[in-house]
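Chemist: sequence and predicted structure are below.
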Amino acid sequence: GGLSAAQSASAPPARKKLASWVGFSNLPNQVHRKSLKRGFQFVAMVVGESGLGKSTLINTLFETKLYQPKSIPSPGADRGKTVQIESISADIEENGVRLKLTVVDTPGFGDFVNNDESWRPIVDNIESRFDKYLENENRVNRLKFEDNRIHACIYFIQPTGHALKPIDIEFMRRLHTKVNLIPVIAKSDTMTDDEITLFKQRILADIAHHGIQIFVPPQYEDEDEETIQENEEILSKVPFAVVGSDHVVQLPDGRQVRGRAYPWGVIEVDNEDHCDFVKLRQMLVRTHMEELREHTNDVLYENYRTEKLRAMGVSQDETVFRETNPAAKQAEERALHEAKLAKMEAEMKMVFQQKVQEKESKLKQSEEELYARHREMKDALEKQRQELEDKKRRVETGRPLTPEKGSKKRFGLGK
Ligand code: GDP
């Protein structure tokens with residue numbers, strides 16, 4: 001009885017052969033079609049001083065004129081005093097696959113006399129996108145909402161050939177736990193191959209020295225040979241030395257290529273011997289776009305969320321600080337209170353919904369039980385009715401109710 005049922009529940013399901021085609025092997029296609037219809041979302045951020053070729057590279061990457069060529073502001077022109085955050089979206093389609101691409105630009109970064117706080121508006125922007133996502137996630141009746149978190153941040157390093165600048169290090173240190181960092185050497189056609197090799201080594205040494213985590217293709221154990229090699233090739237190019245160009249130039253042999261023409265020859269964007277553009281595009285678009293989205297969700301966002309929720313509780317140190325600073329105490333208490341209220345509200349809604357669901361399923365169960373009982377009783381009554389009907393018919397036709405017994409009695413009586 002009960003024991004064997006429990007045993008069978010924990011036993012691995014038996015492998016059964018199907019007698020004919022059932023159709024669930026079409027499941028991957030169904031899922032695939034659905035996500036195709038829904039489309040994919042990818043948000044990339046570009047950061048670097050103006051004029052480093054950010055817009056050109058984005059146009060080159062996605063082969064669209066997402067950005068109009070900018071007029072380079074003349075020195076001294078008023079460009080505001082802070083880093084701006086601008087975003088452009090485009091729906092692009094390739095072989096029936098729709099991609100909503102959003103590029104977030106950060107004009108002004110590194111362009112001021114004092115760039116100490118250049119990273120701050122960018123961190124704020126990334127965090128507010130996390131907050132928005134968290135808010136959407138906590139809503140009880142959440143409709144399908146957009147994922148506007150930054151999935152990759154391409155950081156443009158000036159091709160100086162020396163080492164990273166303090167602003168580069170500061171930016172990466174502040175950002176590496178919040179976003180997938182992809183450093184690139186901008187306008188690498190302005191450097192020789194040897195210079196690039198040396199510059200890359202210095203950059204990587206700096207990054208390691210400061211404990212900065214940049215995005216690299218993850219190595220999984222069960223990967224096939226080809227993928228492992230592909231990933232290693234990508235890894236060997238980090239930080240990618242890129243060249244961007246939105247125009248086509250003609251080579252002496254007549255071929256038309258995307259590139260930049262110089263008196264001594266043409267630098268081809270799509271030629272792996274000339275620059276790392278191809279490898280960057282491969283990682284960003286062709287092989288690791290999903291990985292970037294997953295890592296954003298599973299690691300970067302998750303850490304942020306955990307930290308945020310933890311901060312909603314009051315720690316010991318914070319209490320001491322608030323006791324000694326009344327204004328901060330009030331402000332913090334209010335913020336905390338509001339956060340708690342919001343959280344409580346979300347939790348209450350969740351609990352309420354859960355309760356309603358439980359109640360509903362209980363009602364449904366008792367409804368079914370009632371229905372079953374009703375059926376049983378009806379069956380029993382019907383049986384009784386038929387028996388009585390039977391009896392009645394026999395009585396009416398004068399036939400004995402129980403023939404054997406009756407005949408015996410009659411014989412006995414006749415004696
Ligand atoms: P942004 O301000 O970072 O968006 O830079 P733009 O993409 O507007 O480019 C600024 C200038 O640099 C333009 O004149 C581009 O043609 C040029 N440029 C863009 N990419 C490259 C490159 O890879 N190499 C060279 N030499 N010039 C580039």
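Modeler: Received, thanks.

Chemist: what's whichever residue of the chain sits closest to the ligand sitting at in phi/psi?
Modeler: Of the chain, the residue with the smallest distance to the ligand, taken as Cβ to the nearest ligand atom, is residue 53 at 2.8 Å. Every C-beta, even on glycine, is put in place using the N, C-alpha and C of the backbone. Torsion angles at residue 53 (phi, psi; degrees, to the nearest 10) stand at phi 100, psi 30.

Chemist: and for it, the neighbour number?
Modeler: 23 (other Cβ atoms under 10 Å).

Chemist: wouldn't it be in contact with residue 154 here?
Modeler: No. If you go by Cβ atoms under 8 Å, residue 53 and residue 154 don't touch, sitting 10.8 Å apart.

Chemist: residue 41 and residue 311, how far apart?
Modeler: 28 Å (Cβ to Cβ, to the nearest Å).

Chemist: and stretch 250-266, how far from the chain's centre?
Modeler: Computed by Cα atoms, centre = their mean, to the nearest Å, the chain-centroid distance of stretch 250-266 equals 40 Å.

Chemist: the helices in this structure, which residues?
Modeler: 2-10, 27-38, 54-62, 119-138, 166-175, 193-209, 225-237, 277-281, 289-295, 302-312, 316-323, 326-397, 403-414 (DSSP state H).

Chemist: so which residues on the stretch 51-200 of the chain come close to the ligand?
Modeler: For the stretch 51-200 of the chain, the contact set with the ligand under Cβ under 6 Å from any ligand atom comprises 51-56, 70, 187, 189-190.

Chemist: what would the helices of the chain look like in TSV with mean neighbour count and mean pLDDT?
Modeler: Below are the helices of the chain laid out as TSV (neighbours: other Cβ atoms under 10 Å; pLDDT from 0 to 100):
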stretch	mean neighbour count	mean pLDDT
helix 2-10	8	46
helix 27-38	10	68
helix 54-62	22	88
helix 119-138	16	90
helix 166-175	18	94
helix 193-209	15	94
helix 225-237	14	89
helix 277-281	22	91
helix 289-295	16	91
helix 302-312	12	86
helix 316-323	11	52
helix 326-397	11	86
helix 403-414	10	46
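
Chemist: with residue 263 as the reference, name the closest of those.
Modeler: Nearest to residue 263, of all the helices of the chain, is helix 193-209, at 18.4 Å by Cβ to Cβ.

Chemist: only C-alpha atoms, please: export the closest one in CSV.
Modeler: Presented in CSV, the C-alpha positions along helix 193-209 are these (Å, rounded to 0.1, in the frame of the first residue of the first chain):
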residue,chain,number,x,y,z
ASP,A,193,51.9,44.9,-34.6
ASP,A,194,54.8,44.9,-32.1
GLU,A,195,53.4,47.9,-30.3
ILE,A,196,50.1,46.2,-30.0
THR,A,197,51.5,43.0,-28.6
LEU,A,198,53.5,44.9,-26.0
PHE,A,199,50.5,47.2,-25.2
LYS,A,200,48.3,44.2,-24.7
GLN,A,201,50.7,42.6,-22.3
ARG,A,202,50.9,45.8,-20.2
ILE,A,203,47.1,46.2,-20.1
LEU,A,204,46.6,42.6,-19.0
ALA,A,205,49.3,43.0,-16.3
ASP,A,206,47.6,46.1,-15.0
ILE,A,207,44.2,44.4,-15.0
ALA,A,208,45.6,41.5,-13.1
HIS,A,209,47.5,43.7,-10.7
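
Chemist: for it, packing partners?
Modeler: strand 181-185 (3 or more Cβ pairs under 8 Å, 6 or more residues apart in numbering; DSSP states H and E).
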